[in-house]
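**Q** Provide a 3D model corresponding to the input given below.
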Amino acid sequence: MTNKSDTVLYTGITNDLKRRCYEHKQKLVGGFTKKYNITKLVYYEICRDVESAIMREKQIKGGSRIKKIGLVNKMNPVWKDLYDEIASL
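**A** Next comes the predicted model:
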């Protein structure tokens with residue numbers, strides 16, 4: 001997820017992406033995402049189990065900003081908010 005100006009990147013895991021994005025958008029989650037106004041879903045992956053999700057989260061968080069930007073650009077080159085797409089699933 002990112003902020004309105006695409007300058008801050010946030011990586012996390014959840015078992016309910018729609019709910020979690022909603023919480024961020026409504027500022028129901030304190031901390032980093034609230035402080036930096038992280039409300040825009042620009043990239044996501046679906047993992048088969050929680051262990052895989054945790055491993056992938058650590059891998060992404062451990063990567064450089066350039067690598068994170070590359071992931072987003074590959075899936076979502078215009079950095080549009082993907083929340084509406086997942087909200088209808």
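
**Q** CA atoms only: put the longest helix along the chain into PDB for me.
**A** Counting by DSSP state H, the longest helix found in the chain is helix 50-62. The C-alpha coordinates for helix 50-62 follow below in PDB (Å, rounded to 0.1, in the frame of the first residue of the first chain):
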ATOM      1  CA  VAL A  50       0.000 -18.200   6.300                       C
ATOM      2  CA  GLU A  51       3.600 -19.600   6.500                       C
ATOM      3  CA  SER A  52       4.100 -18.800   2.800                       C
ATOM      4  CA  ALA A  53       2.600 -15.300   3.300                       C
ATOM      5  CA  ILE A  54       4.900 -14.600   6.300                       C
ATOM      6  CA  MET A  55       8.000 -15.700   4.300                       C
ATOM      7  CA  ARG A  56       6.900 -13.600   1.300                       C
ATOM      8  CA  GLU A  57       6.300 -10.600   3.500                       C
ATOM      9  CA  LYS A  58       9.700 -10.800   5.000                       C
ATOM     10  CA  GLN A  59      11.300 -11.200   1.600                       C
ATOM     11  CA  ILE A  60       9.500  -8.100   0.200                       C
ATOM     12  CA  LYS A  61      10.200  -6.100   3.400                       C
ATOM     13  CA  GLY A  62      13.900  -7.100   3.200                       C
END
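
**Q** tell me which residues in stretch 67-81 are buried?
**A** With burial defined by 16 or more other CB atoms under 10 Å, the residues of stretch 67-81 counted as buried are 68-69, 71-72, 76, 81. Using the backbone N, CA and C atoms, a C-beta is placed for each residue, glycine as well.

**Q** mind putting those residues into JSON lines with secondary structure and pLDDT?
**A** Conversion of the buried residues of stretch 67-81 to JSON lines gives the following (DSSP: H, G, I helix; E, B strand; the rest coil; pLDDT from 0 to 100):
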{"residue": "68", "secondary structure": "helix", "pLDDT": "98"}
{"residue": "69", "secondary structure": "helix", "pLDDT": "98"}
{"residue": "71", "secondary structure": "helix", "pLDDT": "98"}
{"residue": "72", "secondary structure": "helix", "pLDDT": "98"}
{"residue": "76", "secondary structure": "coil", "pLDDT": "98"}
{"residue": "81", "secondary structure": "coil", "pLDDT": "97"}
